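*Asks:* Give me a model of this one.
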Amino acid sequence: MNTSSQGSTYISQVRLAKTNTPDEALVVHDDPADLTSTVPTCYTSQANVEVDGALSLELKLVVGSPTDFILIGAIEVIVE
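*Replies:* Numbering: from 1, shown residues only. Next up, the predicted model:
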């Protein structure tokens, strides 16, 4: 994450939603943790969700300045 002011740009929510129809989705996991680290880090959001169709991963971003950016190196989803 590159930000002009510490804490002004971050990921403020991790959400999983089941897609029922093309225009409808049901939120099945909502994690409101503020992810504010400016150094590479790992974050685990534990979700107890039965996967029986399409899931959407949504990240809510708060951007403090037009020149700020967030780099996401990888996302891992483990289904057990």
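*Asks:* how about the helices in the protein?
*Replies:* Ranges of helices in the chain, per DSSP state H: none exist.
*Asks:* now L57, nearest residue through space, not along the chain?
*Replies:* Of all residues not flanking L57 in the chain, L16 sits nearest, at 6.2 Å (Cβ to Cβ, 6 or more residues apart in numbering). In this view, the C-beta of every residue, glycine as well, is placed from N, C-alpha and C.
*Asks:* I figured the one you found hits L55, correct?
*Replies:* Yes: contact criterion Cβ atoms under 8 Å: L16 and L55 qualify, at 5.4 Å.
*Asks:* shared neighbours, these two?
*Replies:* Contact criterion Cβ atoms under 8 Å, 6 or more residues apart in numbering; residues bridging L16 and L55 by contacting each: 28, 49.
*Asks:* of these two, who's got more company?
*Replies:* With neighbours defined as other Cβ atoms under 10 Å, L16 and L55 compare such that L16 has more, 20 against 17.
*Asks:* got the contact list for the closest residue to D30 other than its chain neighbours?
*Replies:* Closest residue in space to D30, ignoring its immediate chain neighbours: R15 at 5.2 Å, by Cβ to Cβ, 6+ apart. Applying Cβ under 8 Å, 6+ apart to R15 gives the contacts 27, 29-31, 57-60.
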